[in-house]
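**Q** Take this sequence and fold it.
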Amino acid sequence: MKEFGLRDKIGYMFGDLGNDFFFSFVSAFLMLFYTDVMGIGGAIVGLIFLLARIWDAFMDVAWGRFIDSRPVGKNGKFKPWMIRMSFPLVIFGVLMFTKFPGMSNNFQLVYAFATYIIWGSLYSTVNIPYGSMASVITRDATERGSLSTFRTIGASLAGIVINVVVPIFIFVNNKADAGRFSIIAIGFAILAMCCYSLCYFLTTERIISQGEEKKIYWKVTIAGIKRNKPLIAFVITALIVLISGSFSTSMNAYLFKDYFHNAKALAIAGVILKTCPIVLAPFIAPMIRRFGKKEAVCVSMLVAAIADFALFLIPTRNTELYLAIYTISSLGLGVFGITIWAFVTDVIDYQEYLTDTREEGTIYAIYSFARKIGQALAGGISGIALGFIGYVGGVAAQTPQVEVGIKNFTTLIPAIANLVVFLILAFLYPLGKDKLAQLTKELEDRRLTKAENAAIIKNQK
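**A** As a prediction, the model looks like this:
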């Protein structure tokens, strides 16, 4: 079996690059396609997104449990499902961005809802095994951190391509064009399949899971989750960061348009947010090796919180100064964004420590479930904030009070959220560098003892 190395890292990077060709495309432009091309009302689109996200959350758990109940094949436990389900996923990705001539309004609404729900369900069947793979590619904490780094690079590269290329191509005379949406979707489908194939062939699953050897009971899983303090603390922090990030991204459009009166700077802010993880990538593995994941992320989130509080307190309308401090905040968040997937593998290990059963798919799916619920809830927060501030849509300019309110909400909410995340990780998340090393050693000893006992029993037979 090949040793862990650059081949695995690059292969794992291609997996999320493939995922985000459509996930980021959907996140950034599906609402525009529905409202401006399909002619569906904004409130209905919001309802579709809410219902789909809740459905996806339950689909994640169901699919994760299904995979954990399947035997390990010759090519691993997760890779076969990822590549097997990727083709129907990209097909429905194309259908989701396709408008057929002569469709009635009711048919368009049903078609949009059906294709989005099916695409989301299929996304779970690819993303759950992909995300779970990291825990069976390697046991080493630093190597898992490097996998998380390369995964984030893949997502960032896709995000940069989508945010730069798509806006240039989809508009004709300043209007969204249905045909161009379809062409881009087909192009992304081809690229995504290439990426999934590279992920499949370049990565190696080295750790044999026990799903085929030991029946898994929900009662045992739930009992373990209740005792799994790292999982609970991590899910809470990830939810806070997700909701805060979604809020900040939504409010930035109003901040630069109405407070700074410089809408073009929004693109610069987007590029800063997407490129910071790439800039940080070479430093993450050495940082984790020296200080540990928890320790590194605690410091980075505290830096992000201080930067956001500075943005809140400084009454500036200087876009350059704001973006400079925003870059510091984005770098702090970037460390968490890069290492987040490595945290997932650690809480999977802790669940095995508690229950003596390895449940990669189930635990990853529970984390993904929480993210989907958070995404469903996050969608309405920005609207509530704008209503509270007194924002009036369609007017040439907002009142000075509204402009300041936008700036205060956009900076204070992330500042508080990042500070809370720092406190939870520092005082409630127990898997620091030394504790994690101890956990890894304990699990290795257990697995070795099991292997020796199994060999003795086999020889006796």
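
**Q** So what's the gap between the helix or strand containing Ala233 and the chain middle?
**A** Assessed by DSSP states H and E, Ala233 sits inside helix 229-254. Helix 229-254 has its C-alpha centroid displaced from the chain centroid by 11 Å (Cα atoms, centre = their mean, to the nearest Å).

**Q** Now do the phi/psi pair for Val172.
**A** The phi and psi torsions at Val172 (degrees, to the nearest 10) take the values phi -120, psi 120.

**Q** in the stretch 251-400 of the chain, which spans are helices?
**A** Using DSSP state H, counting those that start in this stretch, the helices assigned to the stretch 251-400 of the chain run over residues 265-291, 293-313, 319-355, 360-389, 400-427.

**Q** rank those helices by pLDDT, which is bottom?
**A** Note on the helices of the stretch 251-400 of the chain: lowest mean pLDDT is at helix 360-389, with a mean of 77.

**Q** Point out the other elements, helices or strands, that it touches.
**A** helix 42-68, helix 105-137, helix 218-227, helix 229-254, helix 319-355, helix 400-427 (3 or more Cβ pairs under 8 Å, 6 or more residues apart in numbering; DSSP states H and E). Any C-beta I mention is one placed from the backbone N, CA and C, and that applies to glycine too.

**Q** Looking at the ones you listed, spot the one closest to Val166.
**A** helix 229-254 (16.1 Å; Cβ to Cβ).

**Q** buried set for the closest one?
**A** 230-252, 254 (16 or more other Cβ atoms under 10 Å).

**Q** Glu452: which of the helices and strands packed on helix 360-389 is closest?
**A** helix 319-355 (18.1 Å).

**Q** Can you list the buried residues in the closest one?
**A** 319, 322-323, 325-355.

**Q** For the helices and strands packed on helix 360-389, give me TSV that also has distance to Lys175.
**A** Listed next are those as TSV, based on distance: least, Cβ to Cβ, whole Å:
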stretch	distance to Lys175
helix 42-68	17
helix 105-137	18
helix 218-227	49
helix 229-254	19
helix 319-355	29
helix 400-427	28
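
**Q** what's the angle from the helix holding Ala233 to helix 218-227?
**A** Between the axes of helix 229-254 and helix 218-227, defined by axes from the mean of the first three to the mean of the last three Cα atoms, to 10 degrees, the angle is 70 degrees.

**Q** Against which helices or strands is helix 229-254 packed?
**A** helix 265-291, helix 319-355, helix 360-389, helix 400-427.

**Q** Name the nearest residue to Lys372, sequence neighbours excluded.
**A** Spatial nearest neighbour of Lys372, chain neighbours left out: Ala57 (3.6 Å); criterion: Cβ to Cβ, 6 or more residues apart in numbering.

**Q** who touches that neighbour in this structure?
**A** Applying Cβ atoms under 8 Å, 6 or more residues apart in numbering, we find Ala57 in contact with 368-370, 372-373, 376.

**Q** so which of those residues would you say is closest to Leu109?
**A** Ala376 (19.8 Å).

**Q** wait, doesn't the closest one sit right on Leu47?
**A** No. Counting by Cβ atoms under 8 Å, Ala376 stays clear of Leu47, with 11.0 Å between them.

**Q** of those two, who's got more company?
**A** Between Ala376 and Leu47, Ala376 has the larger neighbour count (other Cβ atoms under 10 Å), namely 18 against 12.

**Q** residues touching that one, list them.
**A** 49-50, 53-54, 57.

**Q** Filter those residues down to the buried ones and hand me the PyMOL line.
**A** A single PyMOL command is used to select the members of the contacts of Ala376 judged buried by 16+ other Cβ under 10 Å:
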select buried, resi 49+53+54+57
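
**Q** how about JSON lines for the contacts of Ala376, with pLDDT and distance to Trp81 added?
**A** Converted to JSON lines, the contacts of Ala376 look like this (pLDDT from 0 to 100; distance: Cβ to Cβ, whole Å):
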{"residue": "Phe49", "pLDDT": "82", "distance to Trp81": "26"}
{"residue": "Leu50", "pLDDT": "80", "distance to Trp81": "28"}
{"residue": "Arg53", "pLDDT": "81", "distance to Trp81": "22"}
{"residue": "Ile54", "pLDDT": "85", "distance to Trp81": "23"}
{"residue": "Ala57", "pLDDT": "84", "distance to Trp81": "19"}
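
**Q** Columns distance to Thr410 on top of the contacts of Ala376, output as CSV?
**A** Putting the contacts of Ala376 into CSV (distance: Cβ to Cβ, whole Å) gives the following:
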residue, distance to Thr410
Phe49, 22
Leu50, 23
Arg53, 23
Ile54, 27
Ala57, 27
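
**Q** which two in the contacts of Ala376 are spaced the farthest apart?
**A** Of all the pairs that the contacts of Ala376 form, the one spanning the most space (Cβ to Cβ) is Phe49 and Ala57, at 12.7 Å.

**Q** Next, the angle helix 319-355 makes with the helix holding Ala233.
**A** Using the same axes, to 10 degrees, helix 229-254 lies at 160 degrees relative to helix 319-355.

**Q** excluding its backbone neighbours, what's nearest Asn19?
**A** Asn127 is the one closest to Asn19 (Cβ to Cβ, 6+ apart), at 6.0 Å.
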